[in-house]
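K.L.:
Below: sequence and its predicted model.
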Amino acid sequence: QVQLVESGGGLVQPGGSLTLSCVASGNIASLDWTAWDREAPGKQRELVASLTTGGPITYYADSVKGRFTISKDNAKNTVYLQMNSLAPEDTAVYYCNANIRAVDGGRQNVRGQGTQVTVSS
């Protein structure tokens, strides 16, 4: 069973930085597509950033472009989201997503349990 576990969320002042981590565990051969999305009360789910191996190809929502960076450590099966210049509107639960190729060749889309990010003074 493949799992994604996020960490690194918390309370930060406006203008501050946080780095979220997402560790994948299980019989994993590769994380071929990874992404972070977020959900805030009263707002639609927003895809924040994604990373596709092979290019690599990255995508950033306009709302975070220039402030957030997605990266991956293949050796650690870990995906990161570096968030700088945080603003109150970045407050949300952040979720890690991945399309995972298993050791047996099967594929699975997995989503983590989320980590809360609160930007407030």
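P.N.:
Perfect, I can see it now. Small disclaimer: the values here were computed from a predicted structure and weren't measured.
K.L.:
so how far is stretch 73-83 off the chain centroid?
P.N.:
Stretch 73-83 sits 9 Å away from the centroid of its parent chain (CA atoms, centre = their mean, to the nearest Å).
K.L.:
Then stretch 77-88?
P.N.:
Worked out by CA atoms, centre = their mean, stretch 77-88 lies 8 Å from the chain centre.
K.L.:
What's the end-to-end length of it?
P.N.:
Criterion CA to CA, to the nearest Å; first-to-last residue distance in stretch 77-88 is 30 Å.
K.L.:
now A75, what's its secondary structure?
P.N.:
Under the three-state scheme (DSSP: H, G, I helix; E, B strand; the rest coil), A75 adopts helix.
K.L.:
who's in contact with it?
P.N.:
Neighbouring residues of A75 by CB atoms under 8 Å, 6 or more residues apart in numbering: there are none. From N, CA and C alone the C-beta is placed, and that goes for glycine too.
K.L.:
I'm done for today, thanks for sticking with me.
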